[in-house]
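>>> prediction below, plus the sequence it came from.
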Amino acid sequence: MKFFIDTANLQQIREAHDLGILDGVTTNPSLMAKEGISGKQNVLNHYKAICEITDGDVSAEVISTNYEEMLAEGMELALLHEKIVVKVPIIKDGIKAIKAFATKGIRTNCTLIFSPGQALLAAKAGATYVSPFIGRLDDVSTDGLMLIEDIRTIFDNYGYPTQVLAASARHAMHIINCAKAGADVVTAPLVAITALLKHPLTDNGLAQFLADHAQATGKS
Ligand code: G3P
């Protein structure tokens with residue numbers, strides 16, 4: 001399973017990259033705004049800065065909602081860097097744009113997926129990734145993980161190459177359950193990724209090993 005980090009924060013992207021486990025980055029307009037990035041040129045420069053840190057794909061989201069403008073915006077984003085994947089919302093014009101991008105060889109991430117039918121349409125249009133938002137489904141008392149399982153089944157039934165990118169993952173158990181459900185990618189905040197490291201028995205065990213070693217070598 002690939003690990004993407006879900007942030008526009010350069011320091012956190014560097015930290016995840018330095019861990020050696022980072023396969024890519026996802027952003028969205030809210031995450032860009034959270035970092036105080038605004039104005040077209042600043043946004044484009046920020047995407048370029050992200051591309052320079054990571055070795056993998058970087059999702060950059062269009063803010064247009066009509067076909068022609070999505071195409072123009074997505075083309076500009078795609079030309080920025082070869083790592084850019086154009087992120088497009090699952091709306092009617094978005095599906096048309098995904099199809100057009102696929103024809104041009106431009107990779108896409110279809111976002112704001114909340115149902116298996118939306119994922120199926122995006123795959124049919126030729127999306128590189130679909131992003132089902134599991135945390136936001138959990139927020140409204142709906143099982144986000146079940147959506148990952150359903151999309152996995154549908155894509156496997158027909159051999160769609162579209163990758164299931166589990167998004168809106170908020171904690172370590174989301175990541176583990178997405179791996180069990182066969183997601184191709186999980187994108188999560190750094191805190192959720194590093195939480196996978198934690199276990200009190202690891203801390204206790206390591207403290208004991210170091211104490212025993214110190215005692216054996218007369219250093220205690
Ligand atoms: O990748 C989509 C993700 O950013 C949404 O996460 O936590 O805002 O639901 P969240």
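Received it, and whenever you're ready, just let me know what you need. Numbers count the residues shown, from 1 in each chain.
>>> could I get the CA-only coordinates of the helix or strand where residue 204 lies as CSV?
Element membership of residue 204 [criterion: DSSP states H and E] is helix 200-216. Only the C-alpha atoms of helix 200-216 are listed here, as CSV (Å, rounded to 0.1, in the frame of the first residue of the first chain):
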residue,chain,number,x,y,z
PRO,A,200,3.6,0.9,24.9
LEU,A,201,5.1,-2.7,24.9
THR,A,202,7.7,-1.4,22.4
ASP,A,203,8.6,1.5,24.7
ASN,A,204,8.8,-0.8,27.7
GLY,A,205,10.7,-3.5,25.9
LEU,A,206,13.3,-1.0,24.6
ALA,A,207,13.8,0.6,28.0
GLN,A,208,14.3,-2.9,29.5
PHE,A,209,16.8,-3.9,26.7
LEU,A,210,18.8,-0.7,27.3
ALA,A,211,18.7,-1.1,31.1
ASP,A,212,19.9,-4.8,30.9
HIS,A,213,22.7,-3.8,28.5
ALA,A,214,23.8,-1.0,30.7
GLN,A,215,23.8,-3.3,33.8
ALA,A,216,25.7,-6.1,31.9
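>>> distance from that helix to the middle of the chain?
36 Å (CA atoms, centre = their mean, to the nearest Å).
>>> what helix or strand is the residue nearest to residue 38 when sequence neighbours are not counted located in?
Closest residue to residue 38 apart from its sequence neighbours, by CB to CB, 6 or more residues apart in numbering: residue 32 at 7.7 Å. Yep, even glycine has a C-beta here, placed from its N, CA and C like the rest. Applying DSSP H and E as the criterion places residue 32 in helix 29-34.
>>> check the offset of that helix from the chain's centre.
Distance, centroid of helix 29-34 to centroid of chain: 15 Å (CA atoms, centre = their mean).
>>> just checking, next helix/strand downstream of that helix?
Assignment by DSSP H and E places the next element after helix 29-34 at helix 40-53.
>>> packing partners of that following helix?
helix 10-19, strand 57-61, helix 67-80 (3 or more CB pairs under 8 Å, 6 or more residues apart in numbering; DSSP states H and E).
>>> change it to 10 Å
helix 10-19, strand 24-26, helix 29-34, strand 57-61, helix 67-80, strand 84-89 (3 or more CB pairs under 10 Å, 6 or more residues apart in numbering; DSSP states H and E).
>>> from residue 156, how far off is the closest residue to residue 74 other than its chain neighbours?
The shortest distance from residue 74 to any non-neighbouring residue, by CB to CB, 6+ apart, is to residue 86 (4.0 Å). To residue 156, residue 86 is 25 Å away according to CB to CB, to the nearest Å.
>>> now do residue 28
For residue 28, the distance to residue 156 - CB to CB - is 27 Å.
>>> returning to that earlier point: tell me the mean pLDDT over the helix holding residue 32?
Helix 29-34 carries an average pLDDT of 97.
>>> sorry, back to before: out of the helices and strands packed on helix 40-53, which comes closest to residue 217?
helix 10-19 (30.9 Å; CB to CB).
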